[in-house]
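A.B. asks: predicted model follows, preceded by the sequence.
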Amino acid sequence: MKKLTIFNFITLNGYLNTADGDISWHNHGTEENQYAAMMLKLCNTLLFGHKTYDMMAAYWPTPLALQNDPEVAEGMNNANKIVISNTLKTANWKNTTVIGGDVANEIRKLKLLPGNDITLLGSGSIVTLLAENNLIDEFQVMIDPIAIASGNPIFGGITKTLNFKLINVKTFKSGVVLLTYIPI
């Protein structure tokens, strides 16, 4: 069975982004970029919600992304990608397929297929849905040393208690901390 991992960066007060979706507060340094490039070399299939997909597809295939961070851009562009959407029917970003409908069931089926593990990036409402359906095997949460006034929380709208066990901590020179949890 494929492993499903989420990887999200959040503020110290638990927000994925501002209320309007802005993530400009997140500042990757050299160490964080090296970590991202290393993780992309695992060749996991990347999973996005529609909004996160739109944001990623608008940046990573551009000349600016290739200039600013060529290793991560190459990994993002060459990775197999799945976007979850009930409105998007086709995707233009290289190696991307679209799934919709009963998302929990589709992910359950996807995890049973042979192939690479899956990493969900961003996509707060999908994180909540998949966590509540016990479909996430590992949670990697990169906490930036910043608090913002308001935004979208990592587990917005949860309807039940989610319990986790900390299995790893990585500290970056920038003050960013990466916490890795498994559900219990």
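C.D. replies: Sure thing, it's come through. Residues are numbered from 1 along each chain as shown.
A.B. asks: what number of residues lie near residue 36?
C.D. replies: For residue 36, the tally of surrounding residues (other Cβ atoms under 10 Å) stands at 17. C-betas here are computed from N, CA, C, even on glycine.
A.B. asks: oops, could you answer that again for residue 103 instead?
C.D. replies: Residue 103 has 19 neighbours, counted by other Cβ under 10 Å.
A.B. asks: quick check, it in contact with residue 84.
C.D. replies: Yes - assessed by Cβ atoms under 8 Å, residue 103 is found in contact with residue 84 at 5.5 Å.
A.B. asks: common neighbours of the two, please.
C.D. replies: In terms of Cβ atoms under 8 Å, 6 or more residues apart in numbering, residue 103 and residue 84 are both contacted by the residues residue 126.
A.B. asks: quick one, helices of this structure?
C.D. replies: All helices of the chain, identified by DSSP state H, fall at 30-40, 50-59, 63-68, 70-78, 103-112, 124-132.
A.B. asks: what's the closest of the ones you listed to residue 1?
C.D. replies: Comparing the helices of the chain against residue 1 with Cβ to Cβ, the closest turns out to be helix 103-112 (5.5 Å).
A.B. asks: output the contacting helices and strands for that closest one.
C.D. replies: For helix 103-112, the packing partners by 3 or more Cβ pairs under 8 Å, 6 or more residues apart in numbering; DSSP states H and E come out as strand 81-84, helix 124-132.
A.B. asks: same thing but 7 Å
C.D. replies: Applying 3 or more Cβ pairs under 7 Å, 6 or more residues apart in numbering; DSSP states H and E, we find helix 103-112 packed against helix 124-132.
A.B. asks: between the helix it packs on and helix 103-112, how big is the angle?
C.D. replies: Here the directions of helix 124-132 and helix 103-112 differ by 70 degrees (axes from the mean of the first three to the mean of the last three Cα atoms, to 10 degrees).
A.B. asks: tell me which residue lies nearest the centroid of this structure.
C.D. replies: Using Cα atoms, centre = their mean, the residue of the chain that lies closest to the mean C-alpha position is residue 121, 1.1 Å off.
A.B. asks: count of neighbours near the nearest residue to residue 82 once chain neighbours are set aside?
C.D. replies: Nearest non-adjacent residue to residue 82, counting by Cβ to Cβ, 6 or more residues apart in numbering: residue 47, 5.0 Å away. Burial of residue 47 is recorded as 26 neighbouring residues (other Cβ under 10 Å).
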